[in-house]
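Trainee: Got a predicted structure plus its sequence, pasted below:
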Amino acid sequence: MQVFRDLSQLPEALKHGAVAIGNFDGVHLGHAEIARRLIAGARDVAGASIVFTFDPHPARILRPEAAPAPLTWTDRKAALLGHLGVDAMIAYPTDQRLLSLTAAEFFRTIVREQLQARQLVEGPNFSFGRSRAGTIDVLRQMCDVAGLGLEVVQPITIDGDYVSSSRVRKLIAEGQIDQARRMLTEPYRLRGMVRHGAGRGATIGFPTANVDAIDTLLPGPGVYAGRAMTSGGAWPAAINVGPNPTFGEQTMKVEVHLIGFQGSLYGQPLEVDFVARLRDIQRFDSVGDLQAQLERDVAAAKAKVGQDLQD
């Protein structure tokens, strides 16, 4: 997977292909279907498959106070699309100049002149250009005039619900990781830096990495099974998101117990996959009761992660 931020650096070999434009936040099953059709379209025109995304999300520029928390960072998004077989991703810098382009200007300068696309693949709710005036019908008319192919991919549904980034975002924010996982192509992942915490975990036999500076959506409070990725490898993990009421702490924190890991992670980056929800946050009457529950959490986390690897 190749990632570009400047269209002037796009090699000729990646032009004249099939293009899908959108945010692709989370890279869910709907995005996977678009990617599948995109790759097929690229074969039809004997070109490359290109996903054109916006970095940051346009809402961060237009409505920063209401902008949704991202589900993926740029490199993670590129990796997920690469796993689906897409040739390259463009993370186009979003600014007022770009957002001021009319739909006709965007189509002419970006799609036709710079990408020189031969085929477009979009969802039915796609819109582009200033004030989102470029609807899918407008795009179809432009493609007809320019002689470009356009395939409109219908949404994916699971149990009657449309798969969308907003739906996935809502489920994750509510802590419904298991339901969100069904809509994603891979487990939900966050990243951050390991900072010093209170150090209580180590004193009761369950040391944790306290993850800070997280730049994606935080799952709702709960205890989760997951996988932690360090520079030295991946480890099954029991993850606590939320306060620590047993010790009278109400601060929202992310604490990750890497099962079987020994060593220090302070000051290092850590990425964490959320595989399944284990239980709600609860207050325990004694440290002994907490330790007993943590033992059960660790055993459950190991089992969940092992099952996920087999599926």
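Mentor: Arrived safely. Numbers count the residues shown, from 1 in each chain.
Trainee: would you list every one of the strands in the protein?
Mentor: 2-4, 18-21, 49-55, 88-93, 119-122, 149-152, 157-158, 161-162, 188-195, 209-212, 222-230, 233-244, 249-258, 269-279 (DSSP state E).
Trainee: In the last one, which residues are buried?
Mentor: Residues of strand 269-279 classed as buried by neighbour count (16 or more other C-beta atoms under 10 Å): 270, 271, 272, 273, 274, 275, 276, 277, 278. For glycine as for every other residue, the C-beta is placed from the backbone atoms N, C-alpha and C.
Trainee: With the longest one instead?
Mentor: Residues of strand 233-244 classed as buried under the neighbour-count rule (16+ other C-beta under 10 Å) are 235, 236, 237, 238, 239, 240, 241, 242, 243, 244.
Trainee: Closest to residue 291 out of those?
Mentor: residue 238 (12.9 Å; C-beta to C-beta).
Trainee: circling back to that earlier point, reformat the buried residues of strand 269-279 as CSV; add distance to residue 143 and pLDDT.
Mentor: Formatted as CSV, the buried residues of strand 269-279 follow (distance: C-beta to C-beta, whole Å; pLDDT from 0 to 100):
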residue, distance to residue 143, pLDDT
270, 44, 97
271, 39, 97
272, 42, 98
273, 39, 98
274, 39, 98
275, 41, 97
276, 43, 97
277, 44, 97
278, 49, 98
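Trainee: want to try a markdown table for those, with distance to residue 59 as columns?
Mentor: As requested, these are exported to a markdown table (distance: C-beta to C-beta, whole Å):
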| residue | distance to residue 59 |
| --- | --- |
| 270 | 28 |
| 271 | 25 |
| 272 | 25 |
| 273 | 26 |
| 274 | 24 |
| 275 | 29 |
| 276 | 30 |
| 277 | 28 |
| 278 | 33 |
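Trainee: Pick the one among those residues closest to residue 111.
Mentor: Nearest to residue 111 among the buried residues of strand 269-279 is residue 271, at 34.1 Å by C-beta to C-beta.
Trainee: Name the nearest of the buried residues of strand 269-279 relative to residue 58.
Mentor: Nearest to residue 58 among the buried residues of strand 269-279, with distances taken as C-beta to C-beta, is residue 271, at 26.1 Å.
Trainee: and that closest one, what does it touch?
Mentor: Counting by C-beta atoms under 8 Å, 6 or more residues apart in numbering, residue 271 touches 189, 190, 191, 228, 229.
Trainee: Reformat those residues into a markdown table and put neighbour count and pLDDT next to each item.
Mentor: Output for these, formatted as a markdown table (neighbours: other C-beta atoms under 10 Å; pLDDT from 0 to 100):
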| residue | neighbour count | pLDDT |
| --- | --- | --- |
| 189 | 20 | 98 |
| 190 | 25 | 97 |
| 191 | 17 | 97 |
| 228 | 24 | 97 |
| 229 | 17 | 97 |
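Trainee: Do I have it right that residue 10 meets residue 114?
Mentor: Yes - counting by C-beta atoms under 8 Å, residue 10 does reach residue 114; the two are 7.2 Å apart.
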